[in-house]
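K.L.:
heads up, no residue letters with this:
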């Protein structure tokens, strides 16, 4: 018996009429474990694995010379007895800008609602264990951020959370890119930004300036949407002078996990598993935010596991072995 991937075409009501005109119907790979078809009465825990910025669930299935894809990783962990057979869902919450941070926003669409809607769809269509204690959400980078925030806001839906190098401490993580956006604007002007937002795929070269600018614009669309603004969102700085806009930056900080913990500490305490990690050499300075987050969780009496490892931000999906094995321990693997 072997696992298989079902590619669902999920028509999302939450994404209908989204402001970017992105597809409301999304391709969602579903991993069904070995034995799923042979045991028609058995029900399975579910793991929602959220992709990072600039990617989507299908990307987790990519073939690689030097690493396993997610199907191979799950197959191995199940065969080793580290993880019980699970159903894994690989959502697509991407936008034209690259990502949604898994949040509802008037600038991009209702992606938080989209994930919750997908949970209902999967539970109705597959033999899941629909209790929240048997439903996990995990991810890396923006996917880790999305997993943590979904766990904070919807502890009735997700009982286990794994955040691998998720966005945290926005002061350190995002502000270093702001001068690059100013440089892009100096070179390309408002028309250049408008063209970038209209069709990022067409932009050349896709260099560091491209990624820093598009990422900052996408974060503004997620954190500081404004239907009355030129591009549907406000930036936390002035493009002409670089002067900070404190009122907009406050909107960003309201989404920073460091500022969310206090309000959601009871929800976090209720989780069966909260796992966090970060590389010692993370290129986006996320290590320091992760340390602060772990300290705040401890101060609020939130049980969690926090680990650091000698690596950077990219190419670290091998760390999924750690969180998935911990989930297996909770589920009695």
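P.N.:
Sure, I can see it. Just so it is clear, the model here is predicted, and its values are computed rather than measured. Numbering: from 1, shown residues only.
K.L.:
all contacts plus neighbour counts: C-alpha atoms, from now on.
P.N.:
Noted.
K.L.:
could you count how many residues lie near residue 19?
P.N.:
The number of residues packed near residue 19 is 15, by other C-alpha atoms under 10 Å.
K.L.:
thought it was touching residue 107?
P.N.:
Yes: the pair residue 19 and residue 107 qualifies as a contact (C-alpha atoms under 8 Å) at a distance of 6.2 Å.
K.L.:
how far out from the middle of the chain is stretch 25-35?
P.N.:
18 Å (C-alpha atoms, centre = their mean, to the nearest Å).
K.L.:
where exactly do the helices run in the stretch 151-300 of the chain?
P.N.:
170-173, 178-198, 208-223, 246-253, 257-260, 265-269, 286-299 (DSSP state H, counting those that start in this stretch).
K.L.:
I'd like these as CSV, with mean neighbour count, distance to residue 326 and mean pLDDT appended.
P.N.:
Shown next, in CSV, are the helices of the stretch 151-300 of the chain (neighbours: other C-alpha atoms under 10 Å; distance: least, C-alpha to C-alpha, whole Å; pLDDT from 0 to 100):
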stretch, mean neighbour count, distance to residue 326, mean pLDDT
helix 170-173, 16, 28, 98
helix 178-198, 16, 37, 97
helix 208-223, 20, 31, 97
helix 246-253, 16, 31, 98
helix 257-260, 18, 22, 98
helix 265-269, 19, 17, 98
helix 286-299, 19, 18, 98
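K.L.:
ok, which of these comes nearest residue 132?
P.N.:
Checking those against residue 132 by C-alpha to C-alpha gives helix 265-269 as the closest, at 12.5 Å.
K.L.:
ok, and what's touching the closest one?
P.N.:
Defining contact as C-alpha atoms under 8 Å, 6 or more residues apart in numbering, one finds that helix 265-269 is touched by 151, 152, 153, 154, 155, 274, 297, 300, 301, 302, 303.
K.L.:
circling back: which one of the helices of the stretch 151-300 of the chain lies nearest to residue 70?
P.N.:
helix 286-299 (24.0 Å).
K.L.:
what comes into contact with the closest one?
P.N.:
The contact list for helix 286-299, computed with C-alpha under 8 Å, 6+ apart, reads 165-169, 172-173, 257-258, 261, 265, 276-281, 303-304, 306.
K.L.:
and what of stretch 10-23?
P.N.:
For stretch 10-23, the external contacting residues (C-alpha under 8 Å, 6+ apart) are 24-28, 95-96, 106-111, 113-114, 117-118.
K.L.:
so how far is that stretch off the chain centroid?
P.N.:
In terms of C-alpha atoms, centre = their mean, the centre of stretch 10-23 is found 18 Å from the chain centre.
K.L.:
buried ones in it?
P.N.:
10, 11, 12, 14, 15, 18, 20, 22, 23 (16 or more other C-alpha atoms under 10 Å).
K.L.:
below-threshold pLDDT in the chain: ranges please.
P.N.:
For the chain, applying pLDDT under 70 flags no range at all.
K.L.:
host element of the residue lying farthest from the centre of it?
P.N.:
The C-alpha centroid of the chain is most remote from residue 38, which lies 32.9 Å away (C-alpha atoms, centre = their mean). Using DSSP states H and E, residue 38 is not contained in any helix or strand.
K.L.:
how close does it sit to residue 49?
P.N.:
Residue 38 sits at a distance of 25 Å from residue 49 (criterion: C-alpha to C-alpha, to the nearest Å).
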